[in-house]
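1. Compute the structure for the input listed below.
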Amino acid sequence: MPLPGAAWCRLSEQLLGLLFPERIERPFSTEDAVAATLLQLEADMRVLLLALPLTERPAEVAARFFAALPQVRELLLLDAAAIAAADPAAHGVTEVIRTYPGFYAIALHRLAHTLYQLQVPQLPRIISEYAHTQTGIDIHPGALIGPSFCIDHGTGIVIGETAVIGAHVKVFQGVTLGALSVAKHLQGIKRHPTIEANVVIYAGATILGGSTVVGSHSIIGGNVWLTESVPSHSRVYHRAQIHVTRSEDPNADLTFSI
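-> Down below sits the predicted model:
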């Protein structure tokens, strides 16, 4: 039986609508409607899980997944609040939940990560690739991300499988938390960096390696290439030498050199 990838993507969207009714056009009118939808989605999940080689019965996996949803929602509310607080352009948490691709990518990641923790094969990656397609943000479902995670803009972000991110971390577009090249047989080791709490990573920074730790309250500047650990409260930046000159001819273009 082929993997029901499209069905899982639809189910993910329905789950987000259940967790955050402000994302859907017609919010649920009563608590009974919410409860009925919850039961139907759990039944749908049980059917979809039949296509997979699970170590537990589909009903048990589905029950454990749905039992985790309240905690997932609490984490996502913290993420939305962190994004709203960090972005001067945001007009509140509701706007973040409804419209921000960074929040959407984090939300799908937290659903995929829950399935990953339940050792459901392949489907977590289907959801993460769906989020990647929709947002340009590539977060492996195995990445462990703490509360109050803020993605600003987000396009081009890559976060690898064994990355660990602490609380109150802010990441801008084009950031890579990746692996140094390792042999295939070492795939089980930690290959991606650890980012401790209250770190800001600016656009285009690349941080690589399983033993690389960015200490808490650090700032990693734009376009930094980092393959070794830095202590807490560090400031790491790339300084480009930029010169701007103007020709004596007032009609000539400015000349930039880097």
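2. Correct me if wrong: residue 98 contacts residue 22.
-> Yes - using CB atoms under 8 Å, residue 98 is in contact with residue 22, at 5.7 Å. Bear in mind the C-beta positions are built from the backbone N, C-alpha and C, glycine included.
3. These two: who's more crowded?
-> Between residue 98 and residue 22, counted using other CB atoms under 10 Å, the more crowded position is residue 98 (15 against 11).
4. Give me the helices and strands touching the helix or strand containing that one, please.
-> Assigned by DSSP states H and E, residue 98 belongs to helix 93-99. Here helix 93-99 touches helix 58-86, going by 3 or more CB pairs under 8 Å, 6 or more residues apart in numbering; DSSP states H and E.
5. Between residue 98 and residue 22, which contacts overlap?
-> The contact sets of residue 98 and residue 22 do not overlap (CB atoms under 8 Å, 6 or more residues apart in numbering).
6. Okay, helices next: where are they in the stretch 101-250 of the chain?
-> For the stretch 101-250 of the chain, the helices defined by DSSP state H, counting those that start in this stretch occupy 101-117, 123-135.
7. export the longest one as CSV, just CAs?
-> Included here for helix 101-117 are C-alpha records, laid out as CSV according to Å, rounded to 0.1, in the frame of the first residue of the first chain:
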residue,chain,number,x,y,z
PRO,A,101,5.3,31.3,7.8
GLY,A,102,7.8,31.0,10.6
PHE,A,103,5.1,30.1,13.1
TYR,A,104,3.5,27.7,10.5
ALA,A,105,6.9,25.9,10.0
ILE,A,106,7.4,25.6,13.8
ALA,A,107,3.8,24.3,14.2
LEU,A,108,4.2,21.6,11.6
HIS,A,109,7.6,20.7,13.1
ARG,A,110,6.2,20.2,16.5
LEU,A,111,3.5,17.9,15.1
ALA,A,112,6.2,16.0,13.1
HIS,A,113,8.5,15.8,16.1
THR,A,114,5.8,14.3,18.2
LEU,A,115,5.4,11.5,15.6
TYR,A,116,9.2,11.2,15.5
GLN,A,117,9.3,10.6,19.2
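8. nearest spatial neighbour of the residue nearest the centre of the chain, skipping sequence neighbours?
-> Against the mean C-alpha coordinate of the chain, by CA atoms, centre = their mean, the closest residue is residue 106 at 3.9 Å. Counting by CB to CB, 6 or more residues apart in numbering, residue 106 lies nearest to residue 79, which is 5.1 Å off, once chain neighbours are set aside.
9. remind me which residues of the stretch 101-250 of the chain are low pLDDT?
-> 247, 249-250 (pLDDT under 70).
10. mind running it again at 80?
-> 181-183, 185-187, 240-250 (pLDDT under 80).
11. I'd like to know which of the helices of the stretch 101-250 of the chain is closest to residue 143.
-> For residue 143, the closest of the helices of the stretch 101-250 of the chain is helix 101-117, at 7.2 Å, according to CB to CB.
12. Could I get the buried residue list for the closest one?
-> For helix 101-117, burial by neighbour count (16 or more other CB atoms under 10 Å) applies to 101-116.
13. What of stretch 122-134?
-> So, applying 16+ other CB under 10 Å, buried residues of stretch 122-134: 123, 124, 125, 126, 127, 128, 129, 130, 131, 132.
14. Provide the contact partners of that stretch at residue level.
-> Under CB under 8 Å, 6+ apart, the answer for stretch 122-134 is 3, 5, 8-9, 12, 52, 101, 104-105, 108-109, 111-113, 115-116, 137-142.
15. re the thing from before, how close does the residue nearest to residue 106 sit to residue 15?
-> 16 Å (CB to CB, to the nearest Å).
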